[in-house]
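**Q** Generate coordinates for the sequence data below:
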Amino acid sequence: MSRSLIFLSLFLSLLLLTAGHSCPTGDAKGPAPEINSKSLVSVKIGCLVLIFVGTFIGGLSPYFLNWNEGFLVLGTQFASGVFLGTALMHFLIEANDTFVCLGEKDYPFASMLACAGYLLTMLADSIISHVYSKYVGSQDNGDDVDLQGM
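**A** Sure thing, here's the model as predicted:
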């Protein structure tokens, strides 16, 4: 119960932070877009709910259906690619527009932060894999589907 309240309060605070931010003045290309209109925010919230319900049902399906482990690994890899593509196509462009509104430099700060986050995540994954392989004792574990060739 408390975990859901924490998630709800975090979500509402992030929603309020994003709803309050907009580029106050337009640039040379034209006026600032109306990204905070009530209809657009309601459509975004509706899409967020639909995506959450779809991924929640898909995430719970292995508990109720008997899936093959190799299929689950491929599904996880595909889902990771979908989320990465969504982030690069949509969120990165909006973040870049926000950075343009915040400063006068034309440096792509959003792309730089995305690359730094990817490298930091890859470094953490490498460290965890190294520590885990030392803990298990051998890297060629026959039970781990991720380590087997497909």
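**Q** C-alpha only now, for contacts and for neighbours.
**A** OK.
**Q** Now do the helices in the chain.
**A** Counting by DSSP state H, residue ranges of the helices within the chain are 2-20, 38-64, 69-86, 92-102, 109-136.
**Q** Out of those, indicate the one that is most buried.
**A** Compared across these, helix 92-102 shows the largest average neighbour count, a mean of 16 (mean count of other C-alpha atoms under 10 Å).
**Q** which regions of the chain sit below the pLDDT cut-off?
**A** For the chain, the stretches flagged by pLDDT under 70 are 1-10, 12-36, 138-150.
**Q** Recalculate using a threshold of 90.
**A** Along the chain, segments meeting pLDDT under 90 span 1-48, 50-115, 117-118, 129-150.
**Q** who's in contact with the residue nearest to Leu92 when sequence neighbours are not counted?
**A** Nearest non-adjacent residue to Leu92, counting by C-alpha to C-alpha, 6 or more residues apart in numbering: Ala110, 6.2 Å away. Shown in contact with Ala110 (C-alpha atoms under 8 Å, 6 or more residues apart in numbering): Leu92, Ala95, Asn96, Phe99.
**Q** Roughly how far does Ala110 sit from Thr76?
**A** Using C-alpha to C-alpha, to the nearest Å, one obtains 26 Å as the distance from Ala110 to Thr76.
**Q** Check Cys115 too.
**A** Counting by C-alpha to C-alpha, the gap from Cys115 to Thr76 is 22 Å.
**Q** and what of Leu120?
**A** Distance, Leu120 to Thr76, by C-alpha to C-alpha: 21 Å.
**Q** Could you do Glu94 as well?
**A** Glu94 sits 26 Å away from Thr76, going by C-alpha to C-alpha.
**Q** same deal with Ser129?
**A** Ser129 sits at a distance of 18 Å from Thr76 (criterion: C-alpha to C-alpha).
**Q** likewise Gly59?
**A** Here Gly59 is placed at a distance of 10 Å from Thr76 (C-alpha to C-alpha).
**Q** Ok, Gly46 next?
**A** Look at Gly46 and Thr76: by C-alpha to C-alpha, they are 25 Å apart.
**Q** could you measure Val82 against Ala110, distance?
**A** 19 Å.
**Q** again, but for Leu60
**A** 33 Å.
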